[in-house]
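Student: After the sequence you'll find the predicted model.
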Amino acid sequence: MKTESPKFVYMTLIATTPEKLWEALTKPEFTRLYWFGTDVESDWRPGSPVVYRWRGKISDEGSVLKCEPPRLLSYTFHHLLDEELRKEPPSKVTFEIEKLGSEAVSGESDMGLRGSAVRLTVTHEDFPPDSKLYPEIAKGWPSIVSNLKTAAGDGEAVGSGL
Amino acid sequence: MQKPSFVYVTYIQTTPENVWDALINPELVKQYWGLHKNVSDWRAGSQWEYRDYENERVDVAGKVVESDRPRRLVLTWGHPAGSECVAGSNAGEPSRVIFEIEPFMDSVRLTVTHEELGPEEIRSISQGWPAILSSMKSLLETGKPLAMTTRRWTK
C-alpha cells in the first residue's frame, strides 16, 4: 500500500536574471504566455489570495505563504477546473530562484556550475497519499517550465518581451 | 529493492532529428555537456563513450542497447577506472539511460530516464541532467548554450 505523500521537484536553468524571472512568475502579462494561457492575479502579500484565471474561469487558487522577491515564492494550490480533482485538499507550490554567478552554486554537488544564469526549482508537495492531482501536475510542470524558459528567453529568439 | 530512477521531461521547439543529432554530434555535445563528446557508431550492440573533447579521456562508457533514430536511444552507463566523472561512482554496476524523443504539438518532448542508479549517483545526476538538458534546449532554440555548460565540469 502506498502511504507516502508524493513530492514533485523540477529544476531548470535559464539565461536571465532573478528579477526578470520573478516578474515572469508573478505578472499576468507574462504567465499567459507560458502557463496554459492563464492570467495570475495576486498582490503577493503573505496571506493574500492567488488566482489563475483561464478564459474567465478560475482554474487554480490558493494563498500566499512566503514572498521574498526575487528568490522565494510559495503558496497553497487548489485546482478547481476538474470536478474530481477539485475535491482534493490544497497542496503547496514553492519556487526557488538562485543566481548562478561567479561564485559556486550553494550545496555540495555544485558541479562547478558558473556563468550568468538562474536556476529555478519548482517543488510541489503536501498531496494526499492517493492523490489523483499529482500525476497531472507531474505532466504539467515540465510543460509550463519549458515554455517559461523559452519565453523568458534565453534571449532574443522568442518572447523578448520578458 | 528497486534501485532509484531519475526522470526529466523537457519540451524543445525543434524537430526530433535535431534533438537526436544534438545527443550524438560532437560539435553540439561539446557546447552543452561540459566540453565533452559522445563517440560511437550508434548501432545497437556497439560501445559508446563520453570523452573529454580535448584530451580524449573517457569519463563514461557503456553499450548502445537500442538505437532508433530519431525516436529512442538506450545506453548503459558505467564509469571506467581512472575516469573523473561528476556523476559519482555506482560501485561498478552500470546504470541505464533512456532518451525518448516524441513530436508534441509544434515541438518535441524529450524524456530522459536514468535508472538503476546508485545512492551517490542519484544526488549528483539530479543536478546534472537538468543543467545539461536546459542548456541543450537553449542551444537548439536560440543557437546559444548556457555558458556554464560549455566548460569542463570541475569537482
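Tutor: Structure's in. What do you need?
Student: Please enumerate the strands of chain B.
Tutor: B:6-12, B:36-39, B:47-52, B:58-68, B:72-77, B:95-104, B:107-115 (DSSP state E).
Student: try chain A
Tutor: With DSSP E as the criterion, chain A has strands at A:8-14, A:39-41, A:49-54, A:57-68, A:72-79, A:91-100, A:117-125.
Student: mind checking which of those is nearest chain B?
Tutor: strand A:8-14 (3.9 Å; C-beta to the nearest C-beta). (Each C-beta comes from the backbone N, C-alpha and C, glycine too.)
Student: can you pull the buried residues of the closest one?
Tutor: Buried residues in strand A:8-14, counting neighbours by 16 or more other C-beta atoms under 10 Å in any protein chain shown, are found at A:F8, A:Y10, A:M11, A:T12, A:L13, A:I14.
Student: how many degrees apart are the helix ranked longest in chain B and strand B:107-115 in direction?
Tutor: Under DSSP state H, the helix in chain B containing the largest number of residues is helix B:119-142. Interaxial angle, helix B:119-142 versus strand B:107-115 (axes from the mean of the first three to the mean of the last three C-alpha atoms, to 10 degrees): 170 degrees.
Student: which stretches of chain A aren't confidently modelled?
Tutor: Chain A contains residues with pLDDT under 70 at A:1-3, A:101-115, A:153-162.
Student: likewise chain B?
Tutor: Ranges of chain B meeting pLDDT under 70: B:1, B:82-92, B:154-155.
Student: need the residues of it near chain A, please.
Tutor: B:8-13, B:86, B:123-124, B:126-128, B:130-131, B:134-135, B:137-138, B:141-144, B:146-149, B:151, B:153-155 (C-beta under 8 Å from any C-beta of the partner chain).
Student: Let's see that with 7 Å instead.
Tutor: For chain B, the residues in contact with chain A (C-beta under 7 Å from any C-beta of the partner chain) are B:9-11, B:13, B:86, B:123-124, B:127-128, B:130-131, B:134-135, B:137-138, B:141-142, B:144, B:146-148, B:153-154.
Student: rewinding a little: and the strands of chain A as a markdown table, adding distance to A:P135?
Tutor: Below are the strands of chain A laid out as a markdown table (distance: least, C-beta to C-beta, whole Å):
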| stretch | distance to A:P135 |
| --- | --- |
| strand A:8-14 | 10 |
| strand A:39-41 | 23 |
| strand A:49-54 | 19 |
| strand A:57-68 | 16 |
| strand A:72-79 | 12 |
| strand A:91-100 | 13 |
| strand A:117-125 | 12 |
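Student: Looking at those, which is nearest to B:E93?
Tutor: Among those, the nearest to B:E93 by C-beta to C-beta is strand A:8-14 (25.2 Å).
Student: Is any residue of that closest one near chain B?
Tutor: Yes - judged by C-beta under 7 Å from any C-beta, strand A:8-14 and chain B are in contact via A:M11, A:T12, A:L13.
Student: Now do the contacts for A:S42.
Tutor: The contact partners of A:S42, by C-beta atoms under 7 Å, 6 or more residues apart in numbering or on different chains, come to A:S48, A:P49, A:V50, A:V51, A:V64.
Student: any idea how far B:D68 is from the residue nearest to B:P103 when sequence neighbours are not counted?
Tutor: Closest residue to B:P103 in three dimensions, ignoring its sequence neighbours and counting by C-beta to C-beta, 6 or more residues apart in numbering or on different chains: B:P16, at 6.0 Å. Noted for B:P16: a distance of 11 Å to B:D68, by C-beta to C-beta, to the nearest Å.
Student: and of the strands of chain A, who's closest to A:K149?
Tutor: Comparing these by C-beta to C-beta, strand A:8-14 comes nearest, at 5.0 Å.
Student: How many neighbouring residues does the residue nearest to B:K144 when sequence neighbours are not counted have?
Tutor: Once flanking residues are discounted, B:K144 sits nearest to B:S138: 6.2 Å by C-beta to C-beta, 6+ apart. B:S138: 28 surrounding residues under other C-beta atoms under 10 Å in any protein chain shown.
Student: With A:E68 instead?
Tutor: Neighbourhood size, A:E68 [other C-beta under 10 Å]: 12.
Student: With A:E29 instead?
Tutor: Counted with other C-beta under 10 Å, A:E29 comes out at 12.
Student: Check B:L28 too.
Tutor: Using other C-beta under 10 Å, B:L28 is surrounded by 19 other residues.
Student: For the closest residue to it other than its chain neighbours, which residues are in contact?
Tutor: The shortest distance from B:L28 to any non-neighbouring residue, by C-beta to C-beta, 6+ apart, is to B:A22 (4.7 Å). Contact partners of B:A22, counting by C-beta under 7 Å, 6+ apart, are B:L28, B:M136, B:L139, B:L140.
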